[in-house]
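Trainee: here is my input; please provide its structure:
(one chain, ligands or ions: 1)
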Amino acid sequence: MKIAFFSCQPYEQPFLEAANSNHRHQLTFLPQALTPETVHLAAGHQAICVFVNDHLMRPTLQVLADRKIRLVALRCTGYNQVDIVAAQELGIHILRVPTYSPHSVAEHALALLLTLNRKTHLAYQRTNQNNFTLDGLMGFDLWGKRIGIIGTGKIGQAFARIMLGFGCHVLAYDKVRSAVFQQLGVEYLPLNELLSKADVISLHCPLTPETHHLMDAAALARMKPGAYLINTSRGGLLDTPAVLTALQSGQLGALGMDVYELEDEFFFSDWSDKPMPDDDLNALTHSPNVLVTSHQGFFTREAMEQIARTTLNNLTYLEQQRFPADATVVA
Ligand code: NAI
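Mentor: I've put the predicted structure just below:
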């Protein structure tokens, strides 16, 4: 079948082509994001494949349905970018990649935390200029600190195991308690208690109406003064202006963010030769105690192989009208 891959970066193509050798679909790689303006590029294809910042809201889904394109594969885990009700009403089938490498994201959360704590990003800039001083670079031992994990699914669990290995006390909050998590020796707490006790909070829950702006001014005020916040989940979990205020006052000690609420316009693009129109993002990228990465938590060789493999399998399932009855199905 002919499949249009939206938002497809050159580094993804070899993985997708290799995974396709078992399927022999016809793949069209498009750099454009899927929007109501670009959806016409899907014409002539039987299916489309999209990524995290391609919006599958009703107007776009309607155009797809009008063109008789009813098969969509997400090459990602999160599906907050999909209007599920509209997809179901229009008879559009959507599959996702429910799991690939939870380690890729958990290890990236660790990278953000270690960098911010031990200030290796600042040390690198200094030693590059033959400045070998240490003032301002002091960190803290992670050993013995309390790490609060919000969302104890696959990535939260991988992150918990890492932090337990560092000798940390791991605290957790989730709507559903995981027996595996408890066996690891993790302590589940009510959200407010976790917020007030943790030295570091790492977010690993999905973006839903319930978790939208989970970290707002009230939640930030409940945190231990100077605690660190790591967000590798979805940008909409943070109320960015409130986070900036908390950083300025010192209530928030540091922020590591791999995702940003308004990332669609900026992430995966080179803005280095243009003025940055987003003042909040500009303030964040220029704060020494903030580390911004552009949604690269998933970006390891192992994760890319698995994403490509599952995506091509999903596309073949869609073609054969075999819809798995598991977490793969979005709509
Ligand atoms: P998962 O489905 O295994 O775990 C999510 C956990 O969050 C579940 O235990 C669920 O009960 C919990 N949860 C749901 N609503 C909650 C709420 N209101 N409060 C507290 N907990 C709640 O998902 P997984 O694979 O661990 O991924 C987590 C998130 O990581 C994804 O939803 C996605 O947004 C993000 N992600 C980011 C990537 C990146 O490259 N930065 C790559 C992959 C995923």
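Trainee: show me the chain divided up by domain.
Mentor: Per the record, the chain has its domains at 2-100+300-329, 102-292, by automatic domain parsing.
Trainee: out of those domains, flag the one nearest the ligand.
Mentor: Of all those, domain 102-292 sits nearest to the ligand, with 1.7 Å by Cβ to the nearest ligand atom. Where C-beta positions appear, they are placed from N, C-alpha and C, glycine not excepted.
Trainee: got the end-to-end distance for that closest one?
Mentor: 20 Å (Cα to Cα, to the nearest Å).
Trainee: what about it and the ligand, touching?
Mentor: Yes. Counting by Cβ under 6 Å from any ligand atom, the ligand is contacted by domain 102-292 at 102, 105, 150-156, 173-176, 204-208, 210-211, 232-234, 258-259.
Trainee: before we move on, back to that, with mean neighbour count as extra columns, can I get the domains of the chain in CSV?
Mentor: Compiled in CSV, these are given as follows (neighbours: other Cβ atoms under 10 Å):
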stretch, mean neighbour count
domain 2-100+300-329, 18
domain 102-292, 18
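Trainee: could you dump those into a markdown table with mean pLDDT added?
Mentor: Converted to a markdown table, the domains of the chain look like this (pLDDT from 0 to 100):
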| stretch | mean pLDDT |
| --- | --- |
| domain 2-100+300-329 | 95 |
| domain 102-292 | 97 |
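Trainee: give me the helices and strands touching the helix or strand hosting Glu305, please.
Mentor: Assignment of secondary structure by DSSP states H and E places Glu305 within helix 301-319. Helix 301-319 sits against helix 13-20, strand 47-50, strand 71-74, strand 93-95, helix 102-118, with contacts defined as 3 or more Cβ pairs under 8 Å, 6 or more residues apart in numbering; DSSP states H and E.
Trainee: go with 7 Å
Mentor: helix 13-20, strand 47-50, strand 71-74, strand 93-95 (3 or more Cβ pairs under 7 Å, 6 or more residues apart in numbering; DSSP states H and E).
Trainee: if we can go back for a sec, restricted to strands, list the residues of domain 102-292 next to the ligand.
Mentor: Among the residues of domain 102-292 next to the ligand, the members found in strands (DSSP state E) are 150, 173.
Trainee: how far away is Tyr100 from Ala303?
Mentor: Here the criterion is Cβ to Cβ, to the nearest Å. By it, Tyr100 lies 5 Å from Ala303.
Trainee: so Ile3 belongs to a strand, correct?
Mentor: Yes. Membership of Ile3 in a strand is supported by DSSP: H, G, I helix; E, B strand; the rest coil.
Trainee: distance between the ends of stretch 62-78?
Mentor: 21 Å.
Trainee: over to stretch 49-58?
Mentor: With Cα to Cα applied, stretch 49-58 spans 17 Å between its terminal residues.
Trainee: how far is it from where the chain is centred?
Mentor: When distances are taken as Cα atoms, centre = their mean, to the nearest Å, stretch 49-58 is centred 14 Å away from the chain's centroid.
Trainee: near the ligand at all, that stretch?
Mentor: No. Stretch 49-58 lies out of reach of the ligand by Cβ under 6 Å from any ligand atom, never closer than 7.5 Å.
Trainee: pretty sure Leu90 is touching Thr60, no?
Mentor: No. Taking contacts as Cβ atoms under 7 Å, Leu90 lies outside contact range of Thr60: 10.5 Å.
Trainee: can I get the helices and strands packed on helix 301-319 in TSV with distance to Asp326?
Mentor: Listed next are the helices and strands packed on helix 301-319 as TSV, based on distance: least, Cβ to Cβ, whole Å:
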stretch	distance to Asp326
helix 13-20	20
strand 47-50	19
strand 71-74	15
strand 93-95	10
